[in-house]
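**Student:** Need coordinates for the below:
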Amino acid sequence: MTYTFLKGHGTENDFVLLPDLDGSVHGALSADEMADRVRALCDRRAGIGGDGILRVVRTSAYTGEDRPVSDAEWFMDYRNADGTLAEMCGNGTRVFAEYLRAAGLAGDEVTFATRAGDKTLRAADGLWTADLGSPKLLGTTQVTVDHHFWPACNVDMGNPHAAAEVDSIDPHGPIGDLYDSPVYDEAVYPHGVNVEFFERVGERHVSMRVFERGAGETRSCGTGACAVMVAAAEADGLAIARDADVTYRVDVPGGTLHVTWTTDDRILLTGPAVLVGEGTTSL
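**Tutor:** A predicted model of the protein is given here:
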C-alpha cells in the first residue's frame, strides 16, 4: 500500500503531513500499527524524517476514542516522532493551516480541532498567527541536567511545559547538548513534559532551546516559545499587570517567533510555515 505524504516545517520544527481527508488511508490501523507507521515515517535515516506527524482528517471521519467535540471541519491528529499521541503542536498548527490553504481546503483564516481544543489561525505578510488560548501558570517546579538544576515555571499551553531561565543556553555550558531528557518531577508531569531553557537577549527578547517529549531536542517548539514568553513575562511582573498587549521575540535554533500575550489573556504565536515537498511512500 502506498499513500501520499508532504514534508513541512515551522522554524525548522519539521513534520510529515498525511492527508487522510475521509479517514480511509490511516484510520483503519490499530493504535500499535499507527504508532509503528509514525516511527517509520519520522526516522531520519530510514524514513522521511520529522519531529512528528500531522494527519489531516475531517473531524467527522476521525474514529479514535479521543475524538474532539468540535464543529470544526478539520482535525489535526498530531503524534510525536516516537508514535505517542500529543495534545497539539504550536508550530504544527501553522504548517497544518498552510497545507489546508495550499490544498484549497481553507483560506487565510481557518479554525480546526486539536486534542487541546479548537485553534484559529490567520495569515498575513507571509506569516501565520495562531491563537493558542489562555496559558495556565501552575507554580514552580525543578528540572535537572546532570548535576545542575534550575527552578522552572510550570506552564500549561494545552500541553505541559517546564520553562527554566538560565545564564546561557550554549551547548558547551551546563545544559549541554540535551541528548538525554532533563530530569523532572514525574508526580508533577505524569504524562511527560516539554522542557525549555531560555536566556535573556534584550528587553522582551529571549533565546531558547527545548527538549520535546517524544522527540528529543528540536530546532523549535511553538508552544514551548509561548511557555518561555509566559515565564519571562511572569518574572518581569507582566503576568498580571498588563494594560496593553505584550509581545516578546523568541529566538530558536531554527529561526524567530513572536509571542503576544493579549489583555484578554490569549497567547498569539506568529511565525512562518513552509511546505518543502510531497510524494508517495509505502513506509
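**Student:** mind checking how far the residue nearest the centre of the chain is from residue 200?
**Tutor:** By CA atoms, centre = their mean, the chain has its centre lying nearest to residue 89, at 2.8 Å. From residue 89 over to residue 200 the distance is 26 Å, taken as CB to CB, to the nearest Å. To be clear about C-beta, it is placed using only N, CA and C from the backbone, and glycine gets the same treatment.
**Student:** how many neighbours does residue 221 have?
**Tutor:** 35 (other CB atoms under 10 Å).
**Student:** Name the nearest residue to it, sequence neighbours excluded.
**Tutor:** Leaving aside its sequence neighbours, residue 221 sits nearest to residue 210 (CB to CB, 6 or more residues apart in numbering; 4.3 Å).
**Student:** How about the one you found: which residues does it bridge to?
**Tutor:** Beta-bridge partners for residue 210, by DSSP bridges, are residue 196, residue 218.
**Student:** Would you mind measuring from it to residue 35?
**Tutor:** 23 Å.
**Student:** do the same with residue 271
**Tutor:** Distance of residue 271 to residue 35, given as CB to CB: 29 Å.
**Student:** out of the two, which sits in the busier spot?
**Tutor:** Taking other CB under 10 Å, residue 271 and residue 35 do not tie; residue 271 has more neighbours (25 against 17).
**Student:** isn't the more buried one right up against residue 258?
**Tutor:** Yes - with contacts counted by CB atoms under 8 Å, residue 271 reaches residue 258, the gap being 7.1 Å.
**Student:** My understanding was that the residue nearest to the centre of the chain contacts residue 222; is that so?
**Tutor:** Yes - between residue 89 and residue 222 a contact is recorded at 6.6 Å, counting by CB under 8 Å.
**Student:** Please enumerate the shared neighbours of the two.
**Tutor:** residue 13 (CB atoms under 8 Å, 6 or more residues apart in numbering).
**Student:** hang on, the residue nearest to residue 221 packs against residue 182?
**Tutor:** No - using CB under 8 Å, residue 210 makes no contact with residue 182, being 10.3 Å away.
**Student:** and residue 35, that one's in a strand?
**Tutor:** No - counting by DSSP: H, G, I helix; E, B strand; the rest coil, residue 35 is located in no strand; its state is helix.
**Student:** confidence score at residue 129?
**Tutor:** On the pLDDT scale, residue 129 is placed at 98.
**Student:** swap that for residue 179, sorry
**Tutor:** Predicted confidence (pLDDT) for residue 179: 89.
**Student:** Neighbours of it, how many?
**Tutor:** Residue 179 - counted by other CB under 10 Å - has 9 other residues nearby.
**Student:** what do you get for residue 146?
**Tutor:** There are 11 residues near residue 146, going by other CB under 10 Å.
**Student:** Name the nearest residue to it, ignoring sequence neighbours.
**Tutor:** Leaving aside its sequence neighbours, residue 146 sits nearest to residue 176 (CB to CB, 6+ apart; 6.8 Å).
**Student:** Now do the SS call for the one you found.
**Tutor:** coil.
**Student:** how close does it get to residue 244?
**Tutor:** Distance from residue 176 to residue 244, counting by CB to CB: 39 Å.
**Student:** Looking at these two, which is more packed in?
**Tutor:** residue 176 (14 against 8).
**Student:** circling back: need the per-residue pLDDT for the residue nearest to residue 221.
**Tutor:** For residue 210, the pLDDT comes out at 97.
**Student:** any common contacting residues for residue 210 and residue 182?
**Tutor:** residue 195.
**Student:** does residue 32 belong to a helix or a strand, and which?
**Tutor:** Assigned by DSSP states H and E, residue 32 belongs to helix 31-42.
**Student:** Same question for that helix: list its buried residues.
**Tutor:** 34-35, 37-39, 41-42 (16 or more other CB atoms under 10 Å).
**Student:** Counting by contacts, list what that helix packs against.
**Tutor:** Where contact means 3 or more CB pairs under 8 Å, 6 or more residues apart in numbering; DSSP states H and E, helix 31-42 is packed against strand 13-19, strand 52-58, strand 74-80.
**Student:** any residues touching it, and which ones?
**Tutor:** Identification of contacts with helix 31-42 by CB under 8 Å, 6+ apart yields 5, 16, 18, 26, 29, 46-53, 79-84, 281, 283.
**Student:** Restricted to buried residues, select those residues in PyMOL.
**Tutor:** Buried subset of the contacts of helix 31-42, written as a PyMOL selection, criterion 16+ other CB under 10 Å:
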select buried, resi 5+16+18+26+47+48+50+51+52+53+79+80+81+83+84+281+283
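**Student:** Good, wrapping up.
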